[in-house]
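In: Quick one: sequence plus predicted model below, questions after.
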Amino acid sequence: MNKILLPTDFSANSWEAILYALRLFKDKACTFYIMHSLEPLVSAPSTGVTSKRAQEAIASSRLNESNIDMDTVFAKIQNLPKNDKHTFEKLLVHDYFLSAVQGTAKRFEIDIVVVGTKGASAIKEVTIGSNTANLINKLSCPIIAVPKDCLVGDLSEIGFATDFSIDHYGDELELLKEIATANNSRISVVHVIGKNEEMTTESLANKLALEMVLNPLPMDFYLITDVSVEVGTRIFSESRKLGMLCIINKKRSFFEKMFSKSNSKSISSNLNVPLIIFNHVSSS
């Protein structure tokens with residue numbers, strides 16, 4: 001049974017992320033942990049919150065409001081078509097968002113975190129240092145980032161952006177394989193290289209390693225040249241109308257090139273596809 005963490009700030013976008021998760025895993029036995037973080041109050045003269053009594057009153061009010069909002073979310077879930085494979089737990093965590101997600105993921109041995117990203121696209125949020133971006137290097141489990149107005153649609157084709165720098169995979173891509181198998185998806189692997197560059201012997205060997213780990217899923221490989229990584233990936237995603245884009249987060253490698261702040265303008269305005277992000281841990 002998958003344990004899936006769904007952080008929520010009770011916004012429309014976080015509700016869409018919850019719906020996305022429920023639909024994506026509709027045929028899978030799951031426990032969904034719906035979590036809201038109550039961040040600590042900051043006491044300072046400028047805030048007007050100076051007395052202990054005032055702080056306690058505000059904290060009590062915030063907790064009450066959060067409980068009401070959480071009950072509203074669960075009422076909306078109850079109004080959805082019943083799925084006997086799904087169970088739900090509510091969590092109110094008194095901590096900052098990042099620490100709350102990290103602590104909850106560790107405490108409940110979470111398998112997947114699904115989070116909504118506010119704004120035009122998931123990638124835009126990553127480039128500007130959102131909560132989602134902050135999670136990426138802090139969690140070992142996969143993260144699914146769901147942009148606004150992007151519910152589960154056609155998953156017949158899933159993109160896989162890579163620089164072929166990984167020579168060995170563990171079981172980190174099992175979730176991708178599960179999703180692709182359940183939706184009869186074809187994996188479209190895209191590799192972007194510069195003008196006059198060629199695939200190296202090492203890259204070709206790593207391409208074979210990726211083929212082997214994704215076998216027996218149907219796969220196509222695409223090579224895009226003479227554009228930057230971020231532009232090439234955006235163009236590929238748009239032209240293929242991908243249902244999801246998979247990224248491997250390998251520190252100081254492809255992920256950082258793709259999502260560097262200097263490249264945000266070229267990739268943030270048009271790409272509106274859910275991201276599934278895997279954190280790769282090198283075996284060396």
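Out: Right, received. Where do you want to start?
In: What does the pLDDT read for the closest residue to N67 other than its chain neighbours?
Out: Spatially, and ignoring its direct neighbours in sequence, N67 is nearest to L92 (7.0 Å; C-beta to C-beta, 6 or more residues apart in numbering). Bear in mind the C-beta positions are built from the backbone N, C-alpha and C, glycine included. You'll see L92 listed with a pLDDT of 95.
In: likewise N137?
Out: So N137 comes in at 74 (pLDDT).
In: what does the model give S156 for pLDDT?
Out: With respect to pLDDT, S156 scores 93.
In: what's the closest residue to it other than its chain neighbours in contact with, if anything?
Out: Using C-beta to C-beta, 6+ apart and skipping the chain neighbours, the partner closest in space to S156 is S185 (6.0 Å). S185 is in contact with L155, S156, E157, I158, I179, L217, G243, counting by C-beta atoms under 8 Å, 6 or more residues apart in numbering.
In: how far away is V229 from E174?
Out: 26 Å (C-beta to C-beta, to the nearest Å).
In: ditto for F10
Out: In terms of C-beta to C-beta, F10 sits 32 Å off from E174.
In: cool, N79 as well?
Out: For N79, the distance to E174 - C-beta to C-beta - is 33 Å.
In: of these two, who's got more company?
Out: Counted by other C-beta atoms under 10 Å, N79 and E174 do not tie: E174 has more neighbours, with 14 against 8.
In: So which bits of stretch 26-45 are buried?
Out: C30, T31, F32, Y33, I34, M35, H36, S37, L38 (16 or more other C-beta atoms under 10 Å).
In: Kindly apply the preceding question to stretch 223-234 instead.
Out: In stretch 223-234, counting by 16+ other C-beta under 10 Å, buried: V227, V229, E230, G232, T233, R234.
In: Now tabulate those residues in CSV and tack on distance to W15 and secondary structure.
Out: CSV is the format used below for the buried residues of stretch 223-234 (distance: C-beta to C-beta, whole Å; DSSP: H, G, I helix; E, B strand; the rest coil):
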residue, distance to W15, secondary structure
V227, 36, coil
V229, 33, helix
E230, 29, helix
G232, 33, helix
T233, 28, helix
R234, 27, helix
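In: next SSE after the helix or strand of the chain with the lowest mean pLDDT?
Out: The weakest-scoring helix or strand in the chain, judged by mean pLDDT, DSSP states H and E, is helix 264-268 (a mean of 35). Once the chain leaves helix 264-268, the next helix or strand it forms, by DSSP states H and E, is strand 275-279.
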